[in-house]
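*Asks:* Provided below are the primary sequence and the corresponding predicted coordinates.
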Amino acid sequence: MLVKKNTFVRLRMYVLSPENRAANVPKDTATKPLKMWIKGRLNHEAELFEEAEVTTATGRKVKGTLKEVEPKYKHNYGEYVEEIQKMREIILSEMWSDRDEQ
């Protein structure tokens, strides 16, 4: 899939190979390369899963493997926790109660 110049994309690049990782990294992590994900706008047309260059929001030019076109924001605040809802209700009731305590 050919992606047009100036399209907002996400790249993956390898920062460190396994042999260059620190000695104190956990064993299960030490065997893997250190990866970095970075978003920006394509500087040239590029094929998906091929090397590409982007300019980030801060103006840096970065090269890596084109992994995603127009990436979505996928973060959340986790699962619903009943105790947090109860804390919210307590806090709001104390903040906005009609009691005139001093």
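*Replies:* Great, that's in hand. Numbers count the residues shown, from 1 in each chain.
*Asks:* Helices of this structure, start to end?
*Replies:* Ranges of helices in the chain, per DSSP state H, are 27-30, 82-96.
*Asks:* could those helices go into JSON lines alongside mean neighbour count?
*Replies:* C-beta here means a position set from N, CA and C on the backbone, and glycine is covered the same way. Shown next, in JSON lines, are these (neighbours: other C-beta atoms under 10 Å):
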{"stretch": "helix 27-30", "mean neighbour count": "9"}
{"stretch": "helix 82-96", "mean neighbour count": "9"}
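*Asks:* Quick check: which of those is nearest to E50?
*Replies:* E50 lies closest, by C-beta to C-beta, to one member of the helices of the chain: helix 27-30, at 27.6 Å.
*Asks:* what mean pLDDT does that closest one have?
*Replies:* The average pLDDT within helix 27-30 is 89.
*Asks:* Packing partners of it?
*Replies:* In terms of contacts (3 or more C-beta pairs under 8 Å, 6 or more residues apart in numbering; DSSP states H and E), helix 27-30 is packed against no helix or strand at all.
*Asks:* Cool, thanks, talk later.
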